[in-house]
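# Next input, structure requested:
(chains A and B)
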Amino acid sequence: AQSVTQLDSQVPVFEEAPVELRCNYSSSVSVYLFWYVQYPNQGLQLLLKYLSGSTLVESINGFEAEFNKSQTSFHLRKPSVHISDTAEYFCAVSDNYGQNFVFGPGTRLSVLP
Amino acid sequence: NAGVTQTPKFRVLKTGQSMTLLCAQDMNHEYMYWYRQDPGMGLRLIHYSVGEGTTAKGEVPDGYNVSRLKKQNFLLGLESAAPSQTSVYFCASLGNGEETQYFGPGTRLLVL
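Prediction:
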């Protein structure tokens, strides 16, 4: 069985400051890893994903995440956040068949002016 | 291409009433899912389907039933609503051989 832990339920940060949202997973099989973002009153949108290859993956809006197999982590980072990044962020894991999705509890990022 | 749509967007029920939530996708995806989202608990899988005519239980199936009579639609039914079913419900779909789920906008359900 797979599981996902997001230790920080809420992360407040000032605009233009860096941020890291932590994600750890456990699985007995090889996995795919995802970060989804949910803006207020909307559904989830894919932010970025790791399937294979380079362990550092990037999104179009400046976020990046690094897959660390030895630490079973997939932390999300951004060097300088904007007010518009305020949202809830979910880490998710699936098996290599793209099924058996498990989501973490989410981290609410609040960017303060 | 509308992606994944959900009907209704918001509903209020009284305890014991029944209702059906509709999810539709126009991407010809094989897999469809129903999740509920509750504060501090992320998304929990209720039921899912790996193809037309098939359904399976997820993590929290009790009190819900589903049907997948057509490939593009996945219905979630509550036969006798309870206040514990107050939640936001999300539908998602996934194409065969793909890795990324696509989500609908959600249905907010309040059971009084």
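
# Residue 6: neighbour count?
Looking at chain A here, since you left the chain open. Neighbour count of A:Gln6, defined by other C-beta atoms under 10 Å in any protein chain shown: 20. To be clear about C-beta, it is placed using only N, CA and C from the backbone, and glycine gets the same treatment.

# nope, chain B
Other residues close to B:Gln6 by other C-beta under 10 Å number 21.

# residues contacting it?
B:21-24, B:89-91, B:104-107 (C-beta atoms under 8 Å, 6 or more residues apart in numbering or on different chains).

# now with 10 Å?
A:43, B:21-24, B:34, B:74, B:76, B:89-91, B:103-107 (C-beta atoms under 10 Å, 6 or more residues apart in numbering or on different chains).

# got the phi/psi numbers for B:Phe74?
phi -140, psi 110 (degrees, to the nearest 10).

# From B:Pro105, how far off is it?
15 Å (C-beta to C-beta, to the nearest Å).

# which of those two has more neighbours?
B:Phe74 (31 against 16).

# what helix or strand does the residue nearest the centre of chain B sit in?
The centre of chain B sits closest to B:Trp34, judged by C-alpha atoms, centre = their mean, with a distance of 3.0 Å. Per DSSP states H and E: B:Trp34 is located in strand B:31-38.

# Now do the helices in chain A.
Using DSSP state H, no helices are found in chain A.

# Residue numbers of it in contact with chain B?
A:4, A:6, A:9, A:32, A:34, A:36, A:38, A:41-46, A:49-51, A:88, A:90-92, A:94, A:96-106, A:108 (C-beta under 10 Å from any C-beta of the partner chain).

# Just the buried ones from the residues you listed?
Buried members of these, counted by 16 or more other C-beta atoms under 10 Å in any protein chain shown: A:4, A:6, A:32, A:34, A:36, A:38, A:43-44, A:46, A:49-50, A:88, A:90-92, A:94, A:98, A:100-106, A:108.

# any idea where the strands of chain A begin and end?
Assigned by DSSP state E, chain A shows strands spanning A:3-5, A:10-14, A:19-21, A:24-26, A:31-38, A:44-50, A:56-58, A:64-68, A:73-78, A:87-95, A:102-103, A:107-112.

# got any ranges where chain B has weak pLDDT?
Along chain B, segments meeting pLDDT under 70 span B:1.

# Flag every residue of it that's near chain A.
Along chain B, the residues adjacent to chain A under the rule C-beta under 10 Å from any C-beta are B:3-4, B:6, B:9, B:31, B:33, B:35, B:37-45, B:48, B:50, B:58-59, B:88, B:90-92, B:94-106, B:108.

# So how do I select the buried members of those residues in ChimeraX?
The ChimeraX command for the buried members of the residues of chain B next to chain A (criterion: 16+ other C-beta under 10 Å) is given here:
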select /B:4,6,31,33,35,37,42,43,44,45,48,58,88,90,91,92,94,95,99,101,102,103,104,105,106,108
